[in-house]
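Asks: sequence and predicted model, in that order:
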Amino acid sequence: MRDLRPRLAALILTLAALAGPAAARPIRAEARVAAAAATFAATQPRLAAGAATPELVYTWSVRWLDAQRDQPLKGKALAAAARAHLDRMIALETAVTAMVNAGTLPTIEGAAATYYRAEAELWVERKGKR
């Protein structure tokens with residue numbers, strides 16, 4: 001199935017331009033979230049193919065969470081966004097560990113993935129706050 005998030009982000013940016021500066025602020029925030037989510041999704045097959053690093057996957061997950069924080073999300077919604085980032089980092093750590101064990105990534109990448117997960121756990125404990 002085709003990922004429509006990049007097109008959605010472009011549509012949101014177009015609508016923001018048509019709506020004017022005051023109305024554009026919330027739309028730009030949504031566009032940032034959509035663009036970060038789409039870029040994160042695009043890193044997944046690239047990592048599996050060896051064309052992206054685990055750090056790139058991590059970076060786009062953090063950017064996605066930061067874009068959500070800047071909307072700004074509060075309370076349960078912010079905590080849920082942090083939990084979603086943690087889930088992404090758990091999946092990343094699992095994939096990286098398998099790649100390290102298979103010899104396709106160096107051991108240092110496994111240590112970095114453990115850091116990414118631990119950082120995400122800390123943010124969940126803080127209910128989404130840094």
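Replies: Right, received. Where do you want to start?
Asks: could you pull up the residues touching the residue nearest to the spatial centre of the chain?
Replies: The centre of the chain sits closest to residue 61, judged by Cα atoms, centre = their mean, with a distance of 1.9 Å. Going by Cβ atoms under 8 Å, 6 or more residues apart in numbering, residue 61 touches 40, 85, 88, 89, 92. Every C-beta, even on glycine, is put in place using the N, C-alpha and C of the backbone.
Asks: quick one: neighbours of residue 58, just the number.
Replies: Look at residue 58: counted by other Cβ atoms under 10 Å, it has 25 neighbours.
Asks: helix or strand for it, which one?
Replies: Here residue 58 sits within helix 54-69, counting by DSSP states H and E.
Asks: if we can go back for a sec, buried ones from the contacts of residue 61, can you make that a PyMOL selection?
Replies: In PyMOL, this line selects whichever of those come out buried by 16 or more other Cβ atoms under 10 Å:
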select buried, resi 40+85+88+89+92
